[in-house]
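J.: here is my input; please provide its structure:
(2 chains)
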Amino acid sequence: MAEIAPKIEIKGIRDGLLITIGDAASWEAVQDALLTLIGERADFFKGARVALDVGSRPLKAAQLGKLRDQLSDLGITLWAVTGDSPKTQQNARSLGLETQLTKPRPGRVVRPLEAHPEGEAALFVRRTLRSGMRVAFEGHVIVLGNVHPGAEIIAGGDIIVWGRLRGVAHAGANGNTQAVVCALDLSPTQLRIAGHIATAPPRKGKPVPEKAFLKGNQVIAEPWSGK
Amino acid sequence: MPGTVLTITSGKGGVGKTTATANIAAALAKLGQKVVCVDADIGLRNLDLVLGLENRIVYDLVDVVEGRCRLRQALIRDKRLPNLFLIPAAQTRDKTAVSPTDMVQLCNELRQEFDWILIDSPAGIERGFRNAIAPADQVVVVTNPEVSAVRDADRIIGLIEAEEKGPARLLLNRLNPQMVRSGDMLAADDVLELLAIDLLGVVPEDEAVVVSTNRGMPVALDEKSRAGQAFRNVARRLLGETVPFMDWDADNNIFQRLGRLFGRGD
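T.: Model (predicted):
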């Protein structure tokens, strides 16, 4: 069976080189082709800063990490991985890679046309976020897991943590003062809603589920009352 | 059966990675395992000092990787424990001298001859850490019961999970039972709640560690030391034995009694 030849394009950008990978071939074929290509023009690539656009490929952190190490052996610094797959973006970020080539401009909350009229776009994260992990999304963010101190969630919409929220949560990051932050244990190091920043007083007793929202200029946290 | 590569890392510096590597290695060797420690902290090597082997360094890890010597020539055999070996780091180079691929290749060779390959990771999350993690079959994260150490440990556990080398196990080092009792120090349970990984061992604060480091004699070989006992327990757990964790309450009474004797008072 003939392997599809991977499509690889290289372009100069302001911050170094952008390598765009086509969606068709297998990841192994892409890696081999890329490393062969670089090997053939080693002097051109040595010391280069490279951003990789992987299109809609879902890639694991181990795959990205391995490629970064192989490029590093050749004197190339991989600093960003861009693409459409949220899984790839998440995994890239967990390795400390950038997922955008320029700083994002704040935009409106995206409402997809095909969605149920009452539904809104949300990013669902089914894991615990450890220190150094960062989740950013224009819509709402839901985490099924804990958020450790040193982790950050930045959402244009609401933030819901089904677990302990101990990191930094910024809801309504685009200026939406109606945004809320809910958690089973609301103990963030810092809470931000739109442009307002607050810290939580130390918790006394067992944690209860709470919702934090802006009332006037103050961030208020209300326990869930069942109503 | 091929050997197991165990990487000892932490994120934070100074929490006891090198001490743990030396002592777990010594304890495993004493139990009859064939062990090699590899110092991956290139440029700031310490493992040779802690093992008391610095005077016998001729070749180091970078010499092996760069082909200036054969692997066998860089292995330093401990005279006290004949199945304990060391591959020291280079002191005059830095962490860019070695790549993750180099480490994987080195360990593949070492696996054929040794039961355990212990890698002493440098502090940080950059190249040195990635070098140390690359060949790992198992990872031990060392931390102290102290907020900044735990914060860094959480970060490193996240990176270990991202590289699919998890789950890591925790070695909680320099616990002071007296301070835990008085509420001045995090307890083991507090640390486990924050880090959410399995506990491999708890090593108490022990002056014998400072003394043994300066003498180049691993404290795991000291029958009287509590820290030594803890490291010996860790080695047994690594070999699959179920070893109960040491009892701190007995210890506390001694601290309290000694405190009163010397007029410190509680």
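J.: ignoring the adjacent residues along the chain, who's closest to the residue in chain A that chain B sits nearest to?
T.: Per Cβ to the nearest Cβ, residue A:130 is where chain A lies closest to chain B, at 3.3 Å. Just so you know, the C-beta spots here come from the backbone N, C-alpha and C atoms, and that holds for glycine as well. The spatial neighbour of residue A:130 that comes closest, neighbours along the chain excluded (Cβ to Cβ, 6 or more residues apart in numbering or on different chains), is residue B:158 at 3.3 Å.
J.: give the contact list for that neighbour.
T.: Under the criterion of Cβ atoms under 8 Å, 6 or more residues apart in numbering or on different chains, the neighbours of residue B:158 are A:94, A:130-133.
J.: hmm, 6 Å instead?
T.: A:130, A:132-133 (Cβ atoms under 6 Å, 6 or more residues apart in numbering or on different chains).
J.: residues contacting the nearest residue to residue B:21 once chain neighbours are set aside?
T.: Setting aside the residues directly before and after it, residue B:21 is nearest to residue B:120 in space (Cβ to Cβ, 6+ apart), at 4.1 Å. Contact partners of residue B:120, counting by Cβ under 6 Å, 6+ apart, are B:8, B:17-18, B:21, B:39-40, B:47.
J.: wait, doesn't residue A:33 sit right on residue A:6?
T.: Yes - with the criterion set as Cβ atoms under 6 Å, residue A:33 and residue A:6 qualify as a contacting pair; they are 4.6 Å apart.
J.: please report how far the closest residue to residue B:32 other than its chain neighbours lies from chain A.
T.: Spatially, and ignoring its direct neighbours in sequence, residue B:32 is nearest to residue B:83 (7.3 Å; Cβ to Cβ, 6+ apart). According to Cβ to the nearest Cβ, to the nearest Å, residue B:83 stands 32 Å off from chain A.
J.: same check on residue B:203?
T.: With distances taken as Cβ to the nearest Cβ, residue B:203 is found 23 Å from chain A.
J.: element containing that residue?
T.: According to DSSP states H and E, residue B:203 maps onto strand B:198-204.
J.: in that strand, what counts as buried?
T.: Along strand B:198-204, these residues count as buried under the neighbour rule (16 or more other Cβ atoms under 10 Å in any protein chain shown): B:199-204.
J.: which other helices and strands contact it?
T.: In terms of contacts (3 or more Cβ pairs under 6 Å, 6 or more residues apart in numbering or on different chains; DSSP states H and E), strand B:198-204 is packed against strand B:169-175, helix B:226-238.
J.: partners of the shortest one, with directions?
T.: Sheet pairing for strand B:169-175, assigned by DSSP bridges, gives strand B:138-143 (parallel), strand B:198-204 (parallel).
J.: what angle separates the first one from helix B:226-238?
T.: Computed with axes from the mean of the first three to the mean of the last three Cα atoms, to 10 degrees, the direction of strand B:138-143 lies at 150 degrees from that of helix B:226-238.
J.: quick check: next helix or strand after strand B:138-143?
T.: Following strand B:138-143 in sequence order, the next helix or strand is helix B:147-162 (DSSP H and E).
J.: ok, now the longest one?
T.: On the C-terminal side of strand B:198-204, the nearest following helix or strand under DSSP H and E is helix B:207-215.
J.: tell me what angle that following helix forms with helix B:226-238.
T.: Inter-element angle recorded for helix B:207-215 and helix B:226-238: 90 degrees (by the same axes, to 10 degrees).
J.: just the strands from the stretch 51-200 of chain B, written as ranges.
T.: Along the stretch 51-200 of chain B, counting by DSSP state E, counting those that start in this stretch, strands occupy B:76-77, B:84-87, B:116-120, B:138-143, B:169-175, B:198-204.
J.: make JSON lines out of those and add mean pLDDT.
T.: Shown next, in JSON lines, are the strands of the stretch 51-200 of chain B (pLDDT from 0 to 100):
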{"stretch": "strand B:76-77", "mean pLDDT": "96"}
{"stretch": "strand B:84-87", "mean pLDDT": "98"}
{"stretch": "strand B:116-120", "mean pLDDT": "98"}
{"stretch": "strand B:138-143", "mean pLDDT": "98"}
{"stretch": "strand B:169-175", "mean pLDDT": "97"}
{"stretch": "strand B:198-204", "mean pLDDT": "97"}
